[in-house]
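Asks: Give me a 3D structure for the following:
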Amino acid sequence: MPLAATEPLAPRDFLILMALTDGRSHGYAILQRVAEETDAAVSMDPANLYRSLRRLSRDGLVHEHGPDAQRRRHYQLTEMGRSTLAAEASRLERLVDSARAKRLLPASRR
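Replies: Numbering: from 1, shown residues only. Next up, the predicted model:
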């Protein structure tokens, strides 16, 4: 069943979808992008990554391609995946703004 736009994404799903905003990618490259985006603070094991990718694909957020000649499957963000990711980014932005208003974080440098 597809995710409702009002439901928060799991942090792992958010990071996977973020990694796919740059375009189609195979699993190992997704793991590398997540590590880069989080300054290596988050590392995913392949089993959890592929389990998440299967669910995201089933939910219509990711499209699976492959396998290619090297037996790698590639994944691509769908339009629904992009809009779900954007909605989650907006929700997180509101939470960060609230934390700033409560002086839990320094003022924005925008």
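
Asks: is it fair to say Tyr64 lies in a strand?
Replies: One correction, residue 64 is Glu, not Tyr. Yes - under DSSP: H, G, I helix; E, B strand; the rest coil, Glu64 sits within a strand.

Asks: Who does it form a beta bridge with?
Replies: Counting by DSSP bridges, Glu64 is bridged to Tyr75.

Asks: from what I can see it touches Tyr75, true?
Replies: Yes - Glu64 sits in contact with Tyr75 when judged by Cβ atoms under 8 Å, with a separation of 5.7 Å. Heads up, the C-betas are built off the backbone N, CA and C, glycines and all.

Asks: what touches both of the two?
Replies: Here Glu64 and Tyr75 share the contacting residues Leu53, Ser57, scored by Cβ atoms under 8 Å, 6 or more residues apart in numbering.

Asks: Between the two, point out the one with more neighbours.
Replies: Set Glu64 next to Tyr75 and count neighbours by other Cβ atoms under 10 Å: Tyr75 wins out with 27 against 14.

Asks: How about the secondary structure of Asp39?
Replies: Under three-state DSSP, Asp39 falls in the coil class.

Asks: Then the one 3 residues further on?
Replies: The three-state assignment at Val42 reads coil, by three-state DSSP.

Asks: Give me the residue at the spatial middle of this structure.
Replies: Note on the chain: the residue nearest the mean C-alpha position is Leu17, at 2.5 Å, using Cα atoms, centre = their mean.
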